[in-house]
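[1] Take a look and give me a structure for this.
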Amino acid sequence: MKDPVVSYVLSMAALAAAVLLRWLLDPLMGDALPLVTLFGAVAVASRLGGYRPAVLVSLLGYVACEYLFISPRRSLSLGSLGDVLAVGNTVGLVAYLFTCGIIIGLGESARKAQADKTSQLLTARLLASIVESSDDAIVSKSLDGIIQSWNAGAERLFGYSAEQAIGRHISLVIPPERLAEEDDIVASLKAGKRIDHVETERVRSDGQRVQVSLTISPIRDASGVVIGASKIARDVTERKRIEAEREKFVTVIENSTDFIGMCDLDGVPFFVNRAGLKMVGLDDIEQARRMPVASFFFSEDQDRMMHEFFPSVLRNGHGEVEVRFRHFKTGAPRWMAYKVLTLPGADGRPVAFATVSQDVTERRRLEDDLRRVVAELSDADRRKNEFLAMLAHELRNPLAPISNAVRALSLGRRDETAVDSASEMLERQVGQIIRLVDDLLDVSRISRGKIALRPERVELTRIIDQAVEASRAQYRSMDQELTVSLPSEPVYLNADPTRLAQVVGNLLNNAHKFTDVGGRISVAVEREGAQVVIRVKDTGVGIAAEHLAGIFEMFTQVESSLERSRSGLGIGLTLVKTLVEMHGGTVEAHSDGPGRGSEFVVRLPVLRDVPESLSPAAPEHLDASPVVRRRVLIVDDNRDAAEWLATLLSLSGHETHIALDGDQAVKAAERLLPDAILLDIGLPRIDGYEVCRRIREQPWGRGLMIVALTGWGQEEDRQKSKEAGFNTHLVKPVDDEVIMNLLASLPSSMTR
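    Here you go, the predicted model:
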């Protein structure tokens, strides 16, 4: 019994019963066997409580029986007990005690055996209960693979009931490609080895694969021989999935180009991914942990971030702001879309901050560039509108006097003075229109990178003289004083003489426009080492300091005078800068401010040690011989242009004919067999290129001079006319002397 008090009480009750029984039997037994009933009480006490109550029962029972049933009865004393021992009852007492000892020993053995049996039974029941209630699959099998036990966990995991699985081979749940694993397992079991937590794959009754962790132990018989195996299979499919997802998540974080980090509420980082570390110039997370979050920002942003932004994130649980991160090594800024949220603890309260932030430096740069481009486009659109208005103004300026001159000529035909004056004015105004058109064409060439220089060895003073002489009429008209200072020694340049004259001419024209009546303009040329310096200075309206930097930009006009507008398209100085730089030089503008005049300084490299073979050829002079009469076919769909050119050539003694479209041109050429054809390109029906090709296909047309006379003057236009068979390409309006020289250059033998 587990309760010792109860066992002692019951033992005493058994003793009392034994003594009572002997007392009841006493009339029959007398003095014989006084202790006989005590042995049962000892046995009961030993069975119920073990040897302690049994020994107590043995001793107390002996004392009771000695008093009641051993003579002299009703007496109990040490003396009488000594007498008993001494007289001869020693053998009886020893026999009694020996017998009691045997009974107690047997009782103890029986009790132990019963306890062991009970313990084993309880253990077996416990194990069976554990096996049946286990979530894991617990299976036993023989060494040849036959399933011998199959718990409820195995039924759930593999989908087979115990009746379906027991007695079948374990390959029932092993994928075919993994059967070799079973041979390895059996080999390990026979060697007495235990297999712990091997992860593999098994198959369910429905064919679905499951990931399992196996623990396999050998089962031995009484002699220790391995006769089977016990397998515990745990479903780790979900764990593997979670691990895979975690690995994927870690991989995503570590391979992300975003800044991913976490810090505690005190702003101490405890995680930053590789990209984030690289972004801010940190070597590892340990270094990051020594950097408080505030130090990631620029000093001017720290107060706003730490005292406004992060408290807002704590209140709202999240927040987003664009802020500059600081590179810890270089100090360079990186604009970040900084997105922060709070991480809650078990109680739901925030315990940390986390961020996934993107580098938006490039986006912000593009936005800044876009804003700049929009502003530039807006400015360009404004300047374009101003330019168009200016162009209309500049074109109307010469058209008005031209119109008046034509009217005057029609009214005063016999007034030679009026005719001469009108002719000079018409020539001057047409020249102005030509300059405007040439400037526009040059602007187009600049924008497309089509300006090409034709450099040669030139002497600079000749270029200066040419530009100055071309401008003197303008200066005289405004009563302006123009002075020129040239070096005593010749200065040679490797330059395009036409373009260099254009540079000086544009500077002189600019000075003339922005200098009032009676003002002074000077041109000074001097040698400075390996360079020559050309200074064009005026006493005009001057330039404000804030406008100097943009003075060479396209369509720029700095209007400093309110009382009168300045003519021009605002492209002359742009051409100057472009052409000077193409010659390897520089140009600068200087002014002391409005009303203080301006100075433009051009520096160009001087040509030294040039072989004599590079000297320019002497200019050709036409003989003043009489004009040779030529037959000329003029082809132009503009009747006025064709008729006036025909009139001009007729006045010089040439025979002229007119065609107004491509078909007429081919037929007229075949009929007239002219010495030269002045052929427009943009014709109706057949364009000028095709007309030229058709004429060149005829035997009579192969030696004709065919001149392209057109408004198209780009390099590709000249190339197309050359490929079509034209001898030369002239751009309208053409100086009549150029046409006369071309006709004069024809061999005399070609005269019809």
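
[2] Quickly note the distance from E459 to L508.
    19 Å (CB to CB, to the nearest Å). C-beta coordinates here come from the backbone N, C-alpha and C atoms, glycine included.

[3] Okay, buried residues for the one helix or strand T251 maps to please.
    Assignment of secondary structure by DSSP states H and E places T251 within helix 237-255. For helix 237-255, a neighbour-count test (16 or more other CB atoms under 10 Å) marks K240, I253 as buried.

[4] same question, stretch 100-112
    For stretch 100-112, the neighbour count (16+ other CB under 10 Å) marks C100, I103, I104, G107, R111 as buried.

[5] doesn't G40 make contact with the fourth one?
    No - the pair G107 / G40 is not scored as a contact, 11.7 Å apart, by CB atoms under 8 Å.

[6] ok, R194 - how many residues close by?
    As a burial measure, R194 scores 12 neighbours (other CB atoms under 10 Å).

[7] do the same with L486
    By other CB under 10 Å, the residues close to L486 number 16.

[8] Make residue 1 into 14 and carry on from there
    In the new count, where the first residue is 14, that last one comes out as L499.

[9] Does it touch I476 like I think?
    No - using CB under 8 Å, L499 makes no contact with I476, being 10.8 Å away.

[10] Checking my notes, Q127 in a strand, right?
    No - assessed with DSSP: H, G, I helix; E, B strand; the rest coil, Q127 is helix; it does not lie in a strand.

[11] Please report the distance of it from H596.
    Noted for Q127: a distance of 124 Å to H596, by CB to CB.

[12] out of the two, which sits in the busier spot?
    Shown here are Q127 and H596; by other CB under 10 Å, H596 has more neighbours (20 against 11).

[13] give the contact list for that one.
    For H596, the contact set (CB atoms under 8 Å, 6 or more residues apart in numbering) comprises L466, P468, L506, A508, D509, R512, L513, L617, P618.

[14] Now, these that are in strands?
    Applying DSSP state E to the contacts of H596, the entries found in strands are L506, A508, L617, P618.

[15] Can you pick out the most distant pair from those residues?
    Spatially, the most separated pair among the ones in strands among the contacts of H596 is A508 and P618, at 9.4 Å (CB to CB).

[16] more neighbours, these two?
    Neighbour count, other CB under 10 Å: between A508 and P618, A508 has more, with 26 against 14.

[17] Is G724 in contact with V744, as I believe?
    Yes - using CB under 8 Å, G724 is in contact with V744, at 6.8 Å.

[18] Between those two, tell me which one has more neighbours.
    Remark: of G724 and V744, V744 carries more neighbours, 18 against 13, as counted by other CB under 10 Å.

[19] right, and that one touches Q727 too?
    No - assessed by CB under 8 Å, V744 is found out of contact with Q727, at 9.5 Å.

[20] re earlier: which residues are contacting the helix or strand following the helix holding T264?
    Using DSSP H and E, the next helix or strand after helix 250-268 towards the C-terminus is strand 272-277. By CB under 8 Å, 6+ apart, the residues outside strand 272-277 that reach it are 266, 282-286, 288-289, 292-293, 301, 306, 338, 349, 356, 364-372.

[21] Spell out which residues make up each domain of the protein.
    Listed by automatic domain parsing, the domain ranges of the chain are 17-127, 147-254, 269-372, 376-463, 465-627, 644-763.

[22] so S226 is in which element?
    For S226, the element it lies in under DSSP H and E is strand 222-233.

[23] what pairs with that strand, and is each one parallel or antiparallel?
    strand 208-216 (antiparallel), strand 239-248 (antiparallel) (DSSP bridges).

[24] State the mean pLDDT of that strand.
    Regarding strand 222-233, the rounded mean pLDDT is 91.

[25] Pull out the buried positions in that strand.
    Buried residues in strand 222-233, counting neighbours by 16+ other CB under 10 Å, are found at V223, Q224, V225, S226, L227, T228, I229, S230, P231, I232.

[26] buried residues in stretch 178-196?
    Residues of stretch 178-196 classed as buried: A178, I179, I183, V186, I187 (neighbour count, 16+ other CB under 10 Å).

[27] Neighbours of V549, how many?
    Look at V549: counted by other CB under 10 Å, it has 22 neighbours.

[28] where's it relative to S236, distance?
    The spacing between V549 and S236, counted by CB to CB, is 122 Å.

[29] follow-up on the earlier one: now, which of the contacts of strand 272-277 lie within strands?
    Counting by DSSP E, these place 282-285, 338, 349, 356, 364-372 in strands.

[30] And those, which two are furthest apart?
    That would be V364 and D372, which, of the ones in strands among the contacts of strand 272-277, are the farthest apart (CB to CB) at 27.6 Å.

[31] Compare neighbour counts for these two and give me the winner.
    More neighbours surround D372 than the other of V364 and D372, with 17 against 13 (other CB under 10 Å).

[32] check contacts around the more buried one.
    By CB under 8 Å, 6+ apart, the contact set of D372 is T270, D271, F272, M292, R347, W348, M349.

[33] Count the neighbours of S312 for me.
    Going by other CB under 10 Å, the residues that sit close to S312 add up to 9.

[34] residues touching S484, list them.
    Applying CB under 8 Å, 6+ apart, the residues near S484 are L495, G518, L521, N522, H525.

[35] May I ask which helix or strand encompasses it?
    For S484, the enclosing helix or strand under DSSP H and E is helix 473-490.

[36] same deal with I547?
    Per DSSP H and E: I547 is located in strand 544-551.

[37] what are the C-alpha coordinates of that strand, in CSV please?
    Output of strand 544-551 as CSV, limited to C-alpha atoms (Å, rounded to 0.1, in the frame of the first residue of the first chain):
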residue,chain,number,x,y,z
GLN,A,544,48.4,84.7,-81.5
VAL,A,545,46.9,87.7,-83.2
VAL,A,546,44.3,89.7,-81.3
ILE,A,547,41.5,91.6,-83.0
ARG,A,548,39.7,94.2,-80.8
VAL,A,549,36.5,95.9,-82.0
LYS,A,550,35.6,98.6,-79.5
ASP,A,551,32.6,101.0,-79.5
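
[38] Just the residues contacting that strand, thanks.
    Counting by CB under 8 Å, 6+ apart, 473, 477, 500, 504, 506, 517, 520-521, 523-524, 527-528, 532-540, 598, 610-619 sit against strand 544-551.

[39] again, 7 Å this time
    473, 504, 517, 520-521, 524, 527-528, 532, 534-539, 610-619 (CB atoms under 7 Å, 6 or more residues apart in numbering).

[40] Could you give me the buried positions within it?
    In terms of neighbour count (16+ other CB under 10 Å), strand 544-551 has its buried residues at Q544, V545, I547, R548, V549, K550, D551.

[41] Kindly report the same for stretch 478-491.
    Buried residues in stretch 478-491, defined by neighbour count with 16+ other CB under 10 Å: Q479, A480, V481, S484, Q487, Y488.

[42] From those residues, pick the one nearest S162.
    A480 (115.2 Å).

[43] Could you measure from the residue nearest to the closest one when sequence neighbours are not counted over to Y505?
    Of all residues not flanking A480 in the chain, V517 sits nearest, at 3.8 Å (CB to CB, 6 or more residues apart in numbering). Separation of V517 from Y505 (CB to CB): 16 Å.

[44] Between those two, which has more neighbouring residues?
    Neighbour count, other CB under 10 Å: between V517 and Y505, V517 has more, with 24 against 17.

[45] on that earlier part again, name the next helix or strand following the helix holding S484 along the chain.
    Once the chain leaves helix 473-490, the next helix or strand it forms, by DSSP H and E, is strand 494-498.
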